[in-house]
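Enquirer: Sequence and computational prediction follow.
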Amino acid sequence: MPTDPDESIDLYWAARALELARQADYRTSPNPMVGAVVLDPAGQVAGEGFHRRPGEPHAEEEALAAAGEGARGGTLYVNLEPCAHAHRTPSCSQAVVDAGVRRVVVSMTDPDERVRGAGVRMLESAGIETVVGVHEERARRLNEFYVKHRLTGRPFVSAKFAMSLDGKIATRAGESRWITGEEARAHAHRLRHMHDAILVGVNTVIADDPELTARSEGDALRQPLRVVVDSQLRIRQSARIVGSNTLIATTRSGRVGAAEVVRLPADPDGHVALPALLDELGKRGVLSLLVEGGGEVHASFLTGGLVDKVHAYVAPRLIGGREAPGPVGGLGVEHLVDAVSLREFDMVRLGTDILITGYIDVHGNR
């Protein structure tokens, strides 16, 4: 626990800014989720705000507008460095200066190449006391999709699968609906809502004919871009996934209904080069990609070092069978030291099932 009263106050209000940012619920993409709190000189809340969706006011604008003259001589808490570029008039940093704010507490600097400390420098140049790093890890975790995209140009990749306790994603006859219960499936739809795009391989489309939509009773969920990896363009025109919100990644030329067909380079095996696909999605402003592939698609992403996080739903049932598929196919590793390891993993119970999540440990067991 902090012993410095100012530090305790900063931790409290920086956490409030994060709480406000979270209310955007991933609807700001390709922008980050940002919340802001303005305290007046007496330390009372003068204004709050958060960025709700692209094209709408930034969090600082909302909070400063709500605070009015109460911001003068006060303190601003915000979970991401105020912007300093000229896409808004004025930029958020300039708006903070113009409002007469005396002190600013920022959880993390903005990795966007147009900012990267420029906002902090503008504040400091104006004589505003600026503190950076309060709840930084929480701020980075909240906007991990945005951070990955801005630093690499590619979306944050999550691999998701549901399996039985003995590691099967379907029976030997291919039946997979449903291995997990209702609560786990509802959570999986929330995952779709959180991500900008969902990806499956064409074999999944041929076998299951999925719609790949996000569904929930009572909640209006985001409908992510649907991406099908179909190297040889085998998808049927009548497949339910074929529509206006679908991108088919292939190595061939062709047309498939209302779906967009994107021709990409092939890897040495003649399959769509996945790094090229991620580059293409990143250029389109896709911050996050949920891979719901079969075993071969998951194996391709994992062996390529392209996965950032894993979501594994585990049901307490045993399917068995030599021919029943598992969540990760391919050749697999020969030695355990080469197995993909997870770090910072977590477990939560969803009805009768368990969800295990974790980040890919790029250093493995070495």
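Expert: The structure has been received and is ready for your questions.
Enquirer: any chance you could map the strands in the protein?
Expert: In the chain, the strands defined using DSSP state E lie at 35-39, 45-50, 75-78, 103-106, 129-132, 156-164, 197-201, 225-229, 246-250, 260-263, 288-291, 309-315, 341-350, 353-361.
Enquirer: Export these as TSV, with columns for mean neighbour count, mean pLDDT and distance to Asp279.
Expert: Using the backbone N, CA and C atoms, a C-beta is placed for each residue, glycine as well. As requested, the strands of the chain are exported to TSV (neighbours: other C-beta atoms under 10 Å; pLDDT from 0 to 100; distance: least, C-beta to C-beta, whole Å):
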stretch	mean neighbour count	mean pLDDT	distance to Asp279
strand 35-39	28	98	31
strand 45-50	22	97	31
strand 75-78	29	98	31
strand 103-106	24	97	31
strand 129-132	16	96	31
strand 156-164	23	97	13
strand 197-201	24	96	14
strand 225-229	24	97	13
strand 246-250	23	97	11
strand 260-263	16	97	11
strand 288-291	27	98	12
strand 309-315	21	97	20
strand 341-350	13	94	26
strand 353-361	18	95	19
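Enquirer: so which of the ones you listed gets nearest Pro275?
Expert: strand 156-164 (11.0 Å; C-beta to C-beta).
Enquirer: So what touches the closest one?
Expert: Strand 156-164 is contacted by residues 144-145, 148-149, 169, 176, 178-180, 184, 188, 191, 195, 278, 287-293, 298, 301-302, 306-315, 317-319, 326-327, 353 when judged by C-beta atoms under 8 Å, 6 or more residues apart in numbering.
Enquirer: so how far is Leu142 from Pro32?
Expert: Distance, Pro32 to Leu142, by C-beta to C-beta, to the nearest Å: 8 Å.
Enquirer: The chain: helices as residue ranges?
Expert: 5-22, 59-67, 92-98, 118-125, 136-142, 144-152, 182-194, 202-208, 274-283, 295-303 (DSSP state H).
Enquirer: what's the closest of the strands of the chain to Ala65?
Expert: Closest approach to Ala65 among these is made by strand 45-50 (7.0 Å; C-beta to C-beta).
Enquirer: How much space separates Ser107 from Pro54?
Expert: With distances taken as C-beta to C-beta, Ser107 is found 21 Å from Pro54.
Enquirer: So if I had to pick from these two, which one is more boxed in?
Expert: Per other C-beta atoms under 10 Å, whichever of Ser107 and Pro54 has more neighbours is Ser107, with 29 against 11.
Enquirer: Now the more buried one: closest residue in space that isn't a chain neighbour?
Expert: Nearest non-adjacent residue to Ser107, counting by C-beta to C-beta, 6 or more residues apart in numbering: Ala139, 3.6 Å away.
Enquirer: Check Met108 too.
Expert: Ala139 is the one closest to Met108 (C-beta to C-beta, 6+ apart), at 4.4 Å.
Enquirer: Might you report the residue contacts of the one you found?
Expert: Leu18, Asn79, Leu80, Ser107, Met108.
Enquirer: Could you check how far the residue lying closest to Asp209 once chain neighbours are set aside is from Asp10?
Expert: Once flanking residues are discounted, Asp209 sits nearest to Arg240: 5.3 Å by C-beta to C-beta, 6+ apart. Computed as C-beta to C-beta, the Arg240 to Asp10 distance reads 51 Å.
Enquirer: and what of Leu225?
Expert: With distances taken as C-beta to C-beta, Leu225 is found 39 Å from Asp10.
Enquirer: before we move on, the earlier item: kindly provide the distance from the residue nearest to Ser107 to Asp196.
Expert: Going from Ala139 to Asp196 by C-beta to C-beta gives 20 Å.
Enquirer: cool, and Val310?
Expert: Remark: distance between Val310 and Asp196 (C-beta to C-beta) = 18 Å.
Enquirer: do Asp308 as well
Expert: 14 Å.
Enquirer: Give me the pLDDT value at the residue lying farthest from the centre of the chain.
Expert: Residue farthest from the centre of the chain, counting by C-alpha atoms, centre = their mean, is Ala42 at 37.7 Å. Note on Ala42: pLDDT of 96.
Enquirer: wait, what's in contact with it?
Expert: Ala42 neighbours (C-beta under 8 Å, 6+ apart): none.
Enquirer: The same query, at a cut-off of 10 Å, please.
Expert: For Ala42, the contact set (C-beta atoms under 10 Å, 6 or more residues apart in numbering) comprises Gly70, Gly73, Gly74.
Enquirer: What of Glu217?
Expert: Glu217 makes contacts with Ala186, His189, as judged by C-beta under 10 Å, 6+ apart.
Enquirer: Test my guess that Pro90 contacts Gly119.
Expert: No - judged on C-beta atoms under 10 Å, Pro90 makes no contact with Gly119 at a distance of 11.9 Å.
Enquirer: Which neighbours do those two have in common?
Expert: Residues touching both Pro90 and Gly119 (C-beta under 10 Å, 6+ apart) are Cys83, Ala84, Val96.
Enquirer: For these, please prepare JSON lines with the additional fields pLDDT and neighbour count.
Expert: Shown next, in JSON lines, are the shared contacts of Pro90 and Gly119 (pLDDT from 0 to 100; neighbours: other C-beta atoms under 10 Å):
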{"residue": "Cys83", "pLDDT": "93", "neighbour count": "25"}
{"residue": "Ala84", "pLDDT": "90", "neighbour count": "21"}
{"residue": "Val96", "pLDDT": "96", "neighbour count": "28"}
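Enquirer: Please consider this matter closed, and thank you.
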